[in-house]
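Predicted model and sequence below, questions to follow.
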There are 4 protein chains.
Amino acid sequence: MIKVGIVGGTGYTGVELLRILADHPQADVRCITSRSEAGVRVADMYPNLRGHYELAFSEPDNRELAACDLVFFATPHGVAMEAVPELLAAGTRVVDLSADFRIRDLDVWARWYGMPHTSPEWAEKAVYGLPEVAREQVREARLVANPGCYPTAVQLGFLPLLENDLVDTSRLIADAKSGASGGGRQGKIPMLHGEVGESFKAYGASGHRHLPEIRQGLTDAAGSAVGVTFVPHLIPMVRGIEATLYAQLNNPSDFDRLQALFEERFRDEPFVDVMPFGSHPETRSVRGANLCRMALHRQEDSNMVIVSSVIDNLVKGAAGQAVQNMNIMFGLDERMGMASPALLP
Amino acid sequence: MIKVGIVGGTGYTGVELLRILADHPQADVRCITSRSEAGVRVADMYPNLRGHYELAFSEPDNRELAACDLVFFATPHGVAMEAVPELLAAGTRVVDLSADFRIRDLDVWARWYGMPHTSPEWAEKAVYGLPEVAREQVREARLVANPGCYPTAVQLGFLPLLENDLVDTSRLIADAKSGASGGGRQGKIPMLHGEVGESFKAYGASGHRHLPEIRQGLTDAAGSAVGVTFVPHLIPMVRGIEATLYAQLNNPSDFDRLQALFEERFRDEPFVDVMPFGSHPETRSVRGANLCRMALHRQEDSNMVIVSSVIDNLVKGAAGQAVQNMNIMFGLDERMGMASPALLP
Amino acid sequence: MIKVGIVGGTGYTGVELLRILADHPQADVRCITSRSEAGVRVADMYPNLRGHYELAFSEPDNRELAACDLVFFATPHGVAMEAVPELLAAGTRVVDLSADFRIRDLDVWARWYGMPHTSPEWAEKAVYGLPEVAREQVREARLVANPGCYPTAVQLGFLPLLENDLVDTSRLIADAKSGASGGGRQGKIPMLHGEVGESFKAYGASGHRHLPEIRQGLTDAAGSAVGVTFVPHLIPMVRGIEATLYAQLNNPSDFDRLQALFEERFRDEPFVDVMPFGSHPETRSVRGANLCRMALHRQEDSNMVIVSSVIDNLVKGAAGQAVQNMNIMFGLDERMGMASPALLP
Amino acid sequence: MIKVGIVGGTGYTGVELLRILADHPQADVRCITSRSEAGVRVADMYPNLRGHYELAFSEPDNRELAACDLVFFATPHGVAMEAVPELLAAGTRVVDLSADFRIRDLDVWARWYGMPHTSPEWAEKAVYGLPEVAREQVREARLVANPGCYPTAVQLGFLPLLENDLVDTSRLIADAKSGASGGGRQGKIPMLHGEVGESFKAYGASGHRHLPEIRQGLTDAAGSAVGVTFVPHLIPMVRGIEATLYAQLNNPSDFDRLQALFEERFRDEPFVDVMPFGSHPETRSVRGANLCRMALHRQEDSNMVIVSSVIDNLVKGAAGQAVQNMNIMFGLDERMGMASPALLP
């Protein structure tokens, strides 16, 4: 039984961790911290957990956390990099769902997140936890930087193209759309139902924090610097990300082997599903499930590869991927606790 | 391992049965029939089931169905009453999710469903499968009539009041609201997103087919004829029912013991959750879960008991309750396959 | 040309006033105040107003406001009662869209709004501006208390029954549902899309501030104290209120004349539409329009009158009714500026 | 007063024409035809029109239509090309909202619409009615082909770039998203609320009928063949299109003058609004309004021009643009009947 702690569990990522771990046969959530909600039972804050947890939020207490085998950080950026070194020193392993350890270039990190990085040593040791790329490193990792939601959907869809050097990497385009839960659970006017409901818009089109993370991942996959344009959009719904990816094929004849290549790339991946060529993945087909589902398209007289990739932003884009990383780190079946079908309709 | 068949599985109830049974350790879905979709793999129709089922829809074949231990009927009304007798004769047990066997008074049935009932003998033997009322009869039942979605939410909320003779039963009011999946998966203009989206309305306010079913259940609970007004409404969302129930207390002082009485009534029920007095159950707190969650309210200077009761119309209101009935019929843990928390947010 | 001022125009009611007045041939919005947004152009905050207004929000300035013929208050409760007396003294007329002057019994007001009332003299003189009841008083009013959204939908639907003494007034029930814009435009977690989206719930079921306002209005209509239960619900949509009203008919034979009576009651009302008996008004049928649309229902063997009444909470439930009152106060055609059909779909 | 006829008015485009024309001071709708709904009052089908129209749907009757000054066709493709020649011969002018006369290359048309074109002579004479491009030709046109919804949003956003030869036209990308009303008002399962609600997906990614129309328009603007990839997506909402457009700038220094160039291009356009650089247009900011609102973006170290362009698919994308064309054809103020602000929130 893995003793699990969660820091900062009052947001949507926190409740999602609790939901997934409630079913997990090898995880025992020992503590969940929240300064603002200390003393409140998690089931009182999230009634879907009634009958599943007696646990209450507690004040952060490093001794208690250090007694855990694994601590998830579901905190705003800037928190984990302060707290993590002490826990790691105590032998606790950490999966950080925030952005603190995702970017290797700390100047880039500091510029996008508006503060200097205070734990450069661990930023270097952290493993970027996209299991489809770094499963072996995750297995041994002390500190896993859990990928962002958009970066997960975008990287997985581009990977086979970049790893095989098939496309013009100077003009990659990722047009991504997310449900409103991606905006978090703070009382901000732009995320009100009255603002988001029955409307659609791009946001962060001049630059979003996930852009450097996407660029880093795609550059790693391509083996050289890439040019990528990333525009996120806000969908009037709660859960789900769809990313439509565009890349120009270097050699038109490669179109014939793309489908096989994608299927081969992800054949052994438990949480990536390549649909038949020309399919249209729906976000609801992965709702609540730790899954990236994708499909390829080609338009007549065109060498533009189109990939449509969907995830549940709170699962494969956050809490589910974190549990997947936990399963890998502790030598468990990677699917453990996440074998159920998505909730459709 | 229970050999399971499903008749008419292309609708929302069908895919929900498959979703729940995919996780069920004691159920093996052997066949699922659909005349219109015969030959289509269920996972091609419902991509959330990719990786969970290889099964394809098949032409209805009574030999194949009769070889099952249990057959679920997820068909429009009028189908089960024709097909069920032969299966029952062959020893197969049946849970009918349609309305065919819910109403004991077949004249009433015929009037509301617009056709004569063709299986009066089985209508008499069928057990109305609201486990919270008829668990023991369900255990032995050959044929279970699975309750309607609205009737489940409404009856459970009224039960403790009626069973204890606490309220004026001549003027019960159930104001109920449902997501659009309750309207089924047929190509009907009134159920288009363009019609349902971003709008709200009552429907069936002059009389809805669930009214006689509700009246029958409440009359049984009260022990004498009740007067009940039932108005359903359509919510611009997919899943979920909320029913607000109104009943005038006979003796104002009883207000003090209502909460305890409700908690006591459902203390051993695995799928009914009474929240603290004055709570507001949200439909999302039961999304995807086989659960009826409810709470009581009183307004100042008033003896009107207010109960707010929520279910997922496709789960506790249909497929989940059907699996609950299966679990009871086959002596399994009633929670089997349905222990996960609801999907919130 | 009526010189118009708006106090507190940054909320949904404020932008709605601006939208309606943009088309109004006899109103000229001279100033709109907001402490927090002073200096911001209204069209920068609300892009739908680009090209319609050059106006910017300004610091509240009583001289500027007093130079207006009419000032709308679209402020939280407690603001208007402080500011209004000085303006009224200066000869400016006021339509207050907040709750400050709606309740005549100031002890009741103080209890529900959690503060003492500071302008009892004007509370007495204020006219409750439901034009269908008080058109003549509105015409001469110096200060109009614009009704709340729920109270508008509920009162209009009950009026003909109460005015004609047709129903048991001891157990009136109003089950009402509103879109999320009714919750205002403040950064509150419960109103996030992530909280409201794809879910439904009752709220304020133990007591909502609109209850005493509804009770007062219904008591006036009935001529004696009424017992009314009012439960509001939150719909996952932006605009619209539906209220389903229940009242037991004293004399069953009156059912035959109800439709005619409702039609007669509202025959000359420009903004009330009685649909044919048995219709189901949709909130979208009044979206953006200053209209209350309603229909009557009866269920078999029942003497319960059911009225379904819909409004757009921001129009007939707030800004539209305020402009209607302005039109009446200034002797204009009551429809002026509000003659367009609702936006459907 | 223009005598107006509408053919095929039962769909969303039809009701939207009626909504807009209800307010139009110079248009008099004389007849609206529908074989299936003949005899039904339009206000009975679309209750938002109650009090605005006494008109009923009628059987198509060429004499009646030929007595009109202008006939709008709001029919499925294939209808107008059969019916229009006779009306035009009778001197009636026509605005066709269907696709019949949008594509000049009739082989292309036949391939995408699956039938031969039966009126090649009028296909040649028809004016493609995007007023921002062809206002003068529209003025004199006998037959206007009203542009498709996606093509309107996409062309307007690309126009200034192509007309000024600023971008690489071989790899234009238009990632577009639409609300469900764009799918029409037929009883089709994929457009049910249960299918569309709370989900998001691409569709037609391998080829959509609006692709050749977009390609034709962009080629005209560029003056030579363009390569364009167009992927539409379905948003879980009713109205609105957002198109995010991507084009690589030939000369990076041109970025500095793009904003001025866009503003200049549309300075005199009553229905195009260029927002400040870096803005994010929301679909709700044009809801119900005949407006295309757009903004430009640049990401760091990138020469990719990003344009976000929004319209209401039923207004500027269909009925509103049709009325705009009518206004131009009849020498009226182009804004007539469409001066109101959009409905936000």
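Received it, and whenever you're ready, just let me know what you need.

quick one, strands of chain A?
A:2-7, A:27-33, A:57-58, A:70-73, A:93-96, A:127-128, A:143-145, A:172-178, A:201-202, A:228-234, A:241-248, A:272-274, A:292-297, A:304-311 (DSSP state E).

Could you check how far A:Thr118 is from chain C?
When distance is defined by C-beta to the nearest C-beta, to the nearest Å, A:Thr118 is 29 Å away from chain C. Heads up, the C-betas are built off the backbone N, CA and C, glycines and all.

and that residue, how many neighbours?
13 (other C-beta atoms under 10 Å in any protein chain shown).

Equivalent analysis for A:Ser170, please.
By the criterion of other C-beta under 10 Å, A:Ser170 has 11 neighbours.

Can you lay out the strands of chain A as CSV showing distance to chain D and mean pLDDT?
Below are the strands of chain A laid out as CSV (distance: least, C-beta to the nearest C-beta, whole Å; pLDDT from 0 to 100):
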stretch, distance to chain D, mean pLDDT
strand A:2-7, 27, 98
strand A:27-33, 28, 97
strand A:57-58, 29, 96
strand A:70-73, 27, 98
strand A:93-96, 26, 98
strand A:127-128, 22, 98
strand A:143-145, 23, 98
strand A:172-178, 4, 98
strand A:201-202, 4, 98
strand A:228-234, 5, 98
strand A:241-248, 5, 98
strand A:272-274, 15, 98
strand A:292-297, 4, 98
strand A:304-311, 5, 98
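
In TSV: these, plus mean neighbour count.
What follows is the strands of chain A, written out as TSV (neighbours: other C-beta atoms under 10 Å in any protein chain shown):
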stretch	mean neighbour count
strand A:2-7	23
strand A:27-33	21
strand A:57-58	22
strand A:70-73	27
strand A:93-96	26
strand A:127-128	22
strand A:143-145	27
strand A:172-178	26
strand A:201-202	27
strand A:228-234	25
strand A:241-248	26
strand A:272-274	23
strand A:292-297	26
strand A:304-311	27
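
now these as JSON lines including distance to C:Cys149?
Listed next are these as JSON lines, based on distance: least, C-beta to C-beta, whole Å:
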{"stretch": "strand A:2-7", "distance to C:Cys149": "40"}
{"stretch": "strand A:27-33", "distance to C:Cys149": "39"}
{"stretch": "strand A:57-58", "distance to C:Cys149": "36"}
{"stretch": "strand A:70-73", "distance to C:Cys149": "43"}
{"stretch": "strand A:93-96", "distance to C:Cys149": "45"}
{"stretch": "strand A:127-128", "distance to C:Cys149": "50"}
{"stretch": "strand A:143-145", "distance to C:Cys149": "48"}
{"stretch": "strand A:172-178", "distance to C:Cys149": "32"}
{"stretch": "strand A:201-202", "distance to C:Cys149": "27"}
{"stretch": "strand A:228-234", "distance to C:Cys149": "27"}
{"stretch": "strand A:241-248", "distance to C:Cys149": "35"}
{"stretch": "strand A:272-274", "distance to C:Cys149": "46"}
{"stretch": "strand A:292-297", "distance to C:Cys149": "42"}
{"stretch": "strand A:304-311", "distance to C:Cys149": "38"}
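
wait, which of these is closest to C:Asp175?
Nearest to C:Asp175, of all the strands of chain A, is strand A:228-234, at 32.6 Å by C-beta to C-beta.

orientation of the closest one relative to strand D:228-234 in degrees?
Angle, strand A:228-234 to strand D:228-234, by axes from the mean of the first three to the mean of the last three C-alpha atoms, to 10 degrees: 30 degrees.

any idea of the angle strand A:228-234 forms with strand D:304-311?
20 degrees.

Quick check: nearest residue in space to A:Asn164, chain neighbours excluded?
Leaving aside its chain neighbours, A:Asn164 sits nearest to A:Leu261 (6.5 Å; criterion: C-beta to C-beta, 6 or more residues apart in numbering or on different chains).

ok, now how distant is the one you found from chain C?
Taken as C-beta to the nearest C-beta, the span from A:Leu261 to chain C is 37 Å.

same thing with A:Arg185?
Counting by C-beta to the nearest C-beta, the gap from A:Arg185 to chain C is 6 Å.

just A:Ala141 next, same as before
31 Å.

Tell me how many other residues surround that residue.
Neighbour tally, A:Ala141, other C-beta under 10 Å: 21.

my read: it touches A:Gly129, true?
Yes: between A:Ala141 and A:Gly129 there is a contact under C-beta atoms under 8 Å: 7.3 Å.

how far away is A:Ile306 from A:Phe255?
In this view, A:Ile306 and A:Phe255 are 11 Å apart by C-beta to C-beta, to the nearest Å.

what does the stretch 51-200 of chain A have sitting close to chain D?
Applying C-beta under 8 Å from any C-beta of the partner chain, one finds that the stretch 51-200 of chain A approaches chain D through A:Arg171, A:Ile173, A:Asp175, A:Lys177, A:Gly179, A:Gly194, A:Glu195, A:Gly197, A:Glu198, A:Ser199, A:Phe200.
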